[in-house]
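Colleague: with the input below, show me the fold.
(2 chains)
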Amino acid sequence: MTPEELAEIAESERVAQSRFTQRVNVCVAAGCLSCQSQSVKDALDREANRRDIKDHCQIKGVGCMGLCAEGPLVSTSSGVLYRKVQAENGAAILDSLGGQPVSHLVCRTDTPFFQRQKKIVLENSGVIDPERIEDYIAGEGYSALIKTLTEMTPREVIDQVTKSGLRGRGGAGYPTGLKWSTVSKSVGTKKYVICNGDEGDPGAFMDRSVLESDPHRVLEGMLIAAYAVGASEGFAYVRAEYPLAVKRLRTAIRQAERVGLLGSDICGTRFSFRVDVRLGAGAFVCGEETALIASVEGKRGTPRPRPPYPAMEGLFGEPTLINNVETFASVAPIIRKGGEWYAQIGTEKSKGTKVFALAGRVQNTGLVEVPMGISLREMVFEIGGGVPEGRKFKAVQTGGPSGGCLPSDCLDMPVDYESLAQAGSIMGSGGMIVMDESSCMVDVAKYFMDFCMTESCGKCIPCRVGTYQMHRILTAIGNMSATQQDLKMLEELCDLLKHTSLCGLGQSAPNPVVSTLRSFAEEYRAHVEEHKCPAGVCNAQPGGETE
Amino acid sequence: MSSYVAKPSPPNQDKRWKLVDATIRRQGQQARGLIETLHTVQEAFGYLDQQALRYVAMSLRVPLSRAYGVATFYHFFTLKPAGQHTCVICMGTACYIKGAPQLLDAVQRDLGIAPGETTADKKVSLLTARCLGSCGLAPAVVYDQEVAGKVTRSDIREHVKKWAGHDA
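Modeller: All right, here's what the predicted structure looks like:
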């Protein structure tokens, strides 16, 4: 593959696409697929064949369009978005092309949900066919890779990434440029790049969506990173619970190998890189980098103390770069448009955009990409469309089991790494779960503690025993049998786990408890002193028939 | 220097061992391929039994204790055969907030089994998942590999009753 050949593929694909005057895109990402979007696409295909319009009307399966709650989603070349489309609507949609849209299916796109977004990572999602490399190449795909290989030195690549201010999107927010630079300076016989797609946070599905909608973007990011740090082999570690993402990523790797974008002597340079997929097997702790490395090595996913950091001694003892899916997906545009361009977006310390998965008690559930620094209020009430059924907003949970619950007085806070940390939560990978008054905060804290207790790998005692004890106390509070003594003990345990656990799982496990104790102390008090659950959740639970 | 140990032959004539052998070969018969190989076994046979664990451990030259350790550490691996049908209820945060515990409660009561168990007639297995990533459609349930979103209590009871009721 030479740069000229790539340009040729792009050109011939653009010509092929320009033959189509009409286009119907059907979302075939996991969300819409589970609302039978495949049958919608099949019906459209059949209908188009019957009408014999396939030479100028393209029916295309595309990635996620964001508004998962209203799926299956279909968009057309006339700029109309349809929601909740059924197979029998196929004919009507084809009829409407170039005429009046099918009014009862139209989904308005002039709402804040669509207007307030800024798509960089997701720019191809819902536009290109994730199973065709040509479609990706036609939209400037792999041009950033060609640019790095032919025009830039590894140092210059790292400089651009550093300038962009990009920070790790996996949760901790470590500056990406700094990480790359450390790995590039490390000495080893071989270096590795690992893509962390072990999206274990319940309530987060950004990585899944990116891998399902635009897998080549992630590969391109990994390739650029490998060139910058001098790595020759890579692993994409993806959860086995995401079969579609795994399948599309494997397809993408095969396609890239076929055209010579992966393999030996890429683009006639001496740069060689291979990628293999590794399946996660359902262990939350494997999101921690040293545990993930152990897992790629075929071992139990238990973390080890750092330093040495993976950048020095990682996979098989060699320098290893580990970044999250979304981080890699942000790289190509940064190289294409320059670090300064990216640095203009966002806040002073948190640059660029972030993809969030909005879920829970909110009108518009789905995937959104917004500039950093947007306020929580805008996220929940404008983009999210507020709490449905006229209920009252209570809290928004960010960061999964390592994060916290933010009450309504935090709503005007900007969403960036520092502000969230200050409020007692974390950015995390980007799950945002809205809760209304029907949720009991003690119950929520117990839920997360149950999660951490089950997911604790058992290596260090503070986490293994501490999460168990905290869960026991939270259960007692829920059963109305806890005392003031227990509450005090709970607070002490929070502190103990935070400061003495080996890895991030144990250190952050108390966060949901700390943040609810801080903002919803009244609810804890009601459980302990008045033996009452204000939300009516806890009393109802032990076996009571509800509804 | 490690002495050469011949790769053992599969426990029986079952053709599915060929898939397992292919994975073992692709991983260069090395210990690092343990998780990948166990994935292949589970995909081919549905679960990991002692015979399979012994075979994989010997082929990759890892102690059986390590193979067992890995198989029990990761939630995705199961050491018990599943029933004819499986019902996986997502217990992710979004599903939890939107009533997954009530769904679980209803099915548990209807079938008389706890999560992770299979009914005595081997017809239905009830499982829970950490998060399916279908949070936009919470609460989500997987009926025999097929994801269903916005499931209500009556939906799930009806679905499971159909399986438990007559021979499928």
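Colleague: what count of nearby residues applies to the residue in chain B that chain A sits nearest to?
Modeller: When distances are taken as CB to the nearest CB, chain B reaches nearest to chain A at residue B:136, 2.8 Å away. The C-beta positions use only the backbone N, C-alpha and C, and glycine is treated the same way. Counted by other CB atoms under 10 Å in any protein chain shown, the residues lying close to residue B:136 total 30.
Colleague: show me the strands in chain B, by range?
Modeller: B:85-90, B:124-129, B:141-143, B:146-148 (DSSP state E).
Colleague: mind giving me the packing neighbours of the last one?
Modeller: Applying 3 or more CB pairs under 8 Å, 6 or more residues apart in numbering or on different chains; DSSP states H and E, we find strand B:146-148 packed against strand B:141-143.
Colleague: name the strands paired with the strand it packs on and say parallel or antiparallel.
Modeller: strand B:85-90 (antiparallel), strand B:146-148 (antiparallel) (DSSP bridges).
Colleague: how about these in a markdown table, adding mean pLDDT and mean neighbour count?
Modeller: Shown next, in a markdown table, are the strands paired with strand B:141-143 (pLDDT from 0 to 100; neighbours: other CB atoms under 10 Å in any protein chain shown):
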| stretch | mean pLDDT | mean neighbour count |
| --- | --- | --- |
| strand B:85-90 | 93 | 22 |
| strand B:146-148 | 88 | 16 |
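Colleague: where does the stretch 301-450 of chain A dip in pLDDT?
Modeller: By pLDDT under 70, the stretch 301-450 of chain A has no low-scoring segment.
Colleague: what helix or strand does the residue in it that chain B sits nearest to sit in?
Modeller: Using CB to the nearest CB, residue A:359 is the residue of the stretch 301-450 of chain A that sits closest to chain B, at 3.7 Å. In this structure, residue A:359 sits in strand A:353-360 according to DSSP states H and E.
Colleague: output that strand as PDB, nothing but the C-alphas.
Modeller: Extracted C-alpha coordinates of strand A:353-360, given in PDB (Å, rounded to 0.1, in the frame of the first residue of the first chain):
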ATOM      1  CA  THR A 353     -14.800  16.300  23.500                       C
ATOM      2  CA  LYS A 354     -16.000  13.400  25.500                       C
ATOM      3  CA  VAL A 355     -18.500  10.700  24.600                       C
ATOM      4  CA  PHE A 356     -21.100  10.000  27.300                       C
ATOM      5  CA  ALA A 357     -23.600   7.300  27.600                       C
ATOM      6  CA  LEU A 358     -26.800   8.800  29.000                       C
ATOM      7  CA  ALA A 359     -29.000   6.300  30.700                       C
ATOM      8  CA  GLY A 360     -31.400   5.800  33.600                       C
END
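Colleague: quick one: list the elements packing against the following helix or strand past it.
Modeller: Under the assignment DSSP H and E, the closest C-terminal helix or strand after strand A:353-360 is strand A:366-371. Strand A:366-371 makes packing contacts with strand A:353-360 when contacts are defined by 3+ CB pairs under 8 Å, 6+ apart.
Colleague: neighbouring strands for the strand it packs on, and are they parallel or not?
Modeller: Strand A:353-360 is paired, per DSSP bridges, with strand A:366-371 (antiparallel), strand A:431-436 (parallel).
Colleague: so for residue A:16, which of these sits nearest?
Modeller: strand A:366-371 (28.8 Å; CB to CB).
Colleague: how far off centre is that closest one?
Modeller: In terms of CA atoms, centre = their mean, to the nearest Å, the centre of strand A:366-371 is found 10 Å from the chain centre.
Colleague: one more: stretch A:34-41?
Modeller: Using CA atoms, centre = their mean, the offset of stretch A:34-41 from its chain centre is 23 Å.
Colleague: show residues contacting that stretch.
Modeller: Residues outside stretch A:34-41 that contact it (CB atoms under 8 Å, 6 or more residues apart in numbering or on different chains): A:26-28, A:59, A:61, A:71-74, A:84-87, A:89-90, B:134, B:137, B:140, B:146-149.
Colleague: residues near the residue in chain A positioned nearest to chain B, how many?
Modeller: In chain A, the residue that lies nearest chain B is residue A:68 (2.8 Å; CB to the nearest CB). The tally of other residues near residue A:68 (other CB under 10 Å) stands at 31.
Colleague: can you tell me how far the closest residue to it other than its chain neighbours is from residue A:357?
Modeller: Nearest residue to residue A:68, sequence neighbours excluded (CB to CB, 6 or more residues apart in numbering or on different chains): residue B:136, at 2.8 Å. In this view, residue B:136 and residue A:357 are 8 Å apart by CB to CB, to the nearest Å.
Colleague: buried set for stretch A:218-234?
Modeller: Under the neighbour-count criterion of 16 or more other CB atoms under 10 Å in any protein chain shown, stretch A:218-234 has A:218-231, A:233-234 buried.
Colleague: could you work out the most separated pair of those?
Modeller: Pairwise over those, using CB to CB, the maximum falls at A:218 and A:230, 19.9 Å.
Colleague: surely residue A:510 touches residue A:501?
Modeller: No: using CB atoms under 8 Å, residue A:510 is not in contact with residue A:501; the gap is 9.3 Å.
Colleague: per-residue pLDDT, residue 141?
Modeller: Since you didn't name a chain, this refers to chain A. Turning to residue A:141, the model gives it a pLDDT of 94.
Colleague: that answer is for a different chain, and I need it for chain B
Modeller: So residue B:141 comes in at 93 (pLDDT).
Colleague: for the stretch 51-200 of chain A, which residues are neighbours of chain B?
Modeller: A:68-69, A:71, A:199-200 (CB under 8 Å from any CB of the partner chain).
Colleague: out of the residues you listed, who has the most neighbours?
Modeller: Neighbour max across those (other CB under 10 Å) = residue A:199, 33 neighbours.
Colleague: neighbours of residue B:15, how many?
Modeller: Using other CB under 10 Å, residue B:15 is surrounded by 8 other residues.
Colleague: can you report phi and psi for it?
Modeller: Dihedral angles of residue B:15 (phi, psi; degrees, to the nearest 10) stand at phi -60, psi -20.
Colleague: do residue A:167 as well
Modeller: Dihedral angles for residue A:167 - degrees, to the nearest 10 - are phi -120, psi 150.
Colleague: wait, it sits on residue A:176?
Modeller: Yes: using CB under 8 Å, residue A:167 makes contact with residue A:176 at a distance of 6.2 Å.
Colleague: average pLDDT for stretch A:76-84?
Modeller: 93.
Colleague: tell me which residues in it are buried?
Modeller: Buried residues in stretch A:76-84, counted by 16+ other CB under 10 Å: A:76, A:80-83.
Colleague: rewinding a little: neighbour count winner among residue A:510 and residue A:501?
Modeller: Each of residue A:510 and residue A:501 has its neighbours counted (other CB under 10 Å); residue A:510 has more, 28 against 24.
Colleague: what sits against that one?
Modeller: A:470, A:493-495, A:497-498.
Colleague: can I get these in CSV with pLDDT and distance to chain B?
Modeller: Compiled in CSV, the contacts of residue A:510 are given as follows (pLDDT from 0 to 100; distance: CB to the nearest CB, whole Å):
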residue, pLDDT, distance to chain B
A:470, 97, 18
A:493, 97, 22
A:494, 97, 20
A:495, 97, 25
A:497, 97, 20
A:498, 96, 21
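Colleague: got a winner among these for most neighbours?
Modeller: residue A:497 (27 neighbours).
Colleague: these two touch, right, it and residue A:511?
Modeller: No: counting by CB under 8 Å, residue A:497 stays clear of residue A:511, with 9.7 Å between them.
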